[in-house]
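J.: coords please:
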Amino acid sequence: MEARPDRIEVYDNAHIMGTNALGGMIVAGPDCFQKSQYRKFNIKSTELTPATTTAMMREVLQRRFARMVKEERPARRRPGTDLVLIDGGARPAGRK
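T.: Residues are numbered from 1 along each chain as shown. Next comes the predicted model:
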């Protein structure tokens, strides 16, 4: 990156033995973590199983960035996100 990011968002998914699926977002700013900006996303789709982490992450990111676009009205201008980090991803074949 050419400049130090002002806002970093980090995402991860979790579930408890296949139930209570949720996604989480933590935020770091120029000085420290911004706990007031942290968010929890309850997975709403009934078609997903918690083991489908990539589909869970898709839901979380779609909801987050749809809201970001909605909130970027001049009267409610919020800082943009400079860097997004995602924990996890598709597992290699044969790995559990």
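J.: drop to CA atoms for contacts and neighbour counts, all remaining ones
T.: Noted.
J.: Could you pull out the helices in the protein for me?
T.: Here the chain has its helices, by DSSP state H, at 53-71.
J.: Output the lowest mean pLDDT helix or strand found in it.
T.: None of the helices or strands of the chain scores lower by mean pLDDT, DSSP states H and E than helix 53-71, at a mean of 87.
J.: What's opposite the residue nearest in space to the middle of the chain in the beta bridge?
T.: Here the mean C-alpha position of the chain is nearest to the C-alpha of Tyr11 (CA atoms, centre = their mean), at a distance of 3.6 Å. Beta-bridge partners for Tyr11, by DSSP bridges, are Met25, Ile86.
J.: Hmm, Ala28 and it touching each other?
T.: No: using CA atoms under 8 Å, Tyr11 is not in contact with Ala28, being 11.8 Å away.
J.: Dump the C-alpha coordinates for stretch 24-43 into PDB.
T.: What follows is stretch 24-43 as a C-alpha-only set of coordinates in PDB (Å, rounded to 0.1, in the frame of the first residue of the first chain):
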ATOM      1  CA  GLY A  24     -17.700 -11.100  13.500                       C
ATOM      2  CA  MET A  25     -16.000  -7.900  12.500                       C
ATOM      3  CA  ILE A  26     -13.300  -6.000  14.500                       C
ATOM      4  CA  VAL A  27     -11.900  -2.600  13.500                       C
ATOM      5  CA  ALA A  28      -8.500  -1.100  13.900                       C
ATOM      6  CA  GLY A  29      -7.800   2.600  13.400                       C
ATOM      7  CA  PRO A  30      -4.600   4.700  13.200                       C
ATOM      8  CA  ASP A  31      -4.100   4.500  17.000                       C
ATOM      9  CA  CYS A  32      -5.700   1.300  18.300                       C
ATOM     10  CA  PHE A  33      -8.600  -1.100  18.100                       C
ATOM     11  CA  GLN A  34     -12.000   0.700  17.900                       C
ATOM     12  CA  LYS A  35     -14.200  -1.500  20.000                       C
ATOM     13  CA  SER A  36     -17.200   0.700  19.500                       C
ATOM     14  CA  GLN A  37     -17.100  -0.200  15.800                       C
ATOM     15  CA  TYR A  38     -17.000  -4.000  16.400                       C
ATOM     16  CA  ARG A  39     -20.000  -5.800  14.900                       C
ATOM     17  CA  LYS A  40     -21.600  -9.300  15.200                       C
ATOM     18  CA  PHE A  41     -23.600 -10.700  12.400                       C
ATOM     19  CA  ASN A  42     -26.100 -13.500  13.100                       C
ATOM     20  CA  ILE A  43     -26.300 -15.700  10.000                       C
END
